[in-house]
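Visitor: sequence first, predicted coordinates after that:
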Amino acid sequence: MHKHANFLLKICLSSLVFTASILATTSASISATEAQSSITKSAQKNACAGKDPCAAKVNSVGGPLAQELQGKPVLVDVFATWCAGCKNIAPTLSQLKQQYSGKVNFVVLDVTDRAKLKQTEAMAQKLGLGKFLEANKSKTSTVAIVDPATGDILALYQNNSNKADYTKILETALAKK
């Protein structure tokens, strides 16, 4: 009986050590991810000093957009049905669609699941937004305003429901046309 108890105790201790090492590794990984996220946010804040939005390192979608998007600013929404941020900004984007109907091209990049993502990747490639989607498909509730002639990102927002921010950029882009 004593040998059984000793054996079980060793197994339990081994399991405990294994679990603790996994937790430590996971914790270190999460801490490293949080640190990188903090560094990225800090760099973006420094690059974006002032109130105007900016795209930090990403300032282009990679080139001009498809012919069908030319002539009007393009508002690109990285969307998923399960995304809380997407639900937060949905009313604002709906108002913008009504206000700028016929004046702005609205593109929704739906990344809800693998099937939608496949369709979205094909559409994004066709529209000249393939590189943008690749860089932002994991960043739901991201909204970019793009100059279709150059592919320059005029503004890049994350979970921003402030309609005035979008309106300011869209009005400026429309005034240049």
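Guide: Yep, that arrived. Numbering: from 1, shown residues only.
Visitor: stretch 98-110 spans what distance, first to last residue?
Guide: 20 Å (CA to CA, to the nearest Å).
Visitor: what residues of it count as buried?
Guide: Buried residues in stretch 98-110, counted by 16 or more other CB atoms under 10 Å: 100, 104-105, 107, 109-110. Bear in mind the C-beta positions are built from the backbone N, C-alpha and C, glycine included.
Visitor: repeat for stretch 65-82
Guide: Quick answer for stretch 65-82 (16+ other CB under 10 Å): 65, 69, 72-80.
Visitor: ok so, going back, of the buried residues of stretch 98-110, closest to Glu171?
Guide: Of all the buried residues of stretch 98-110, Glu171 sits closest to Tyr100, with 9.5 Å by CB to CB.
Visitor: distance of the closest one relative to Ser60?
Guide: Separation of Tyr100 from Ser60 (CB to CB, to the nearest Å): 22 Å.
Visitor: flag the shaky bits of this structure, pLDDT-wise.
Guide: The model of the chain has pLDDT under 70 over residues 1-58.
Visitor: which residues in it form helices?
Guide: The residue ranges that make up the helices of the chain, judged by DSSP state H, are 2-47, 84-99, 114-127, 130-136, 163-176.
Visitor: pull out the CA atoms of the last one and give them to me as PDB.
Guide: What follows is the C-alpha trace of helix 163-176 in PDB, where atoms were taken according to Å, rounded to 0.1, in the frame of the first residue of the first chain:
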ATOM      1  CA  LYS A 163     -18.700  59.800 -36.700                       C
ATOM      2  CA  ALA A 164     -17.000  63.300 -36.800                       C
ATOM      3  CA  ASP A 165     -13.500  61.600 -37.200                       C
ATOM      4  CA  TYR A 166     -14.600  59.800 -40.300                       C
ATOM      5  CA  THR A 167     -16.600  62.800 -41.700                       C
ATOM      6  CA  LYS A 168     -13.500  65.100 -41.400                       C
ATOM      7  CA  ILE A 169     -11.400  62.700 -43.500                       C
ATOM      8  CA  LEU A 170     -14.100  61.900 -46.000                       C
ATOM      9  CA  GLU A 171     -15.000  65.600 -46.500                       C
ATOM     10  CA  THR A 172     -11.300  66.400 -47.000                       C
ATOM     11  CA  ALA A 173     -10.900  63.600 -49.500                       C
ATOM     12  CA  LEU A 174     -14.100  64.600 -51.400                       C
ATOM     13  CA  ALA A 175     -12.900  68.200 -51.600                       C
ATOM     14  CA  LYS A 176      -9.800  67.000 -53.500                       C
END
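Visitor: understood, closing this out.
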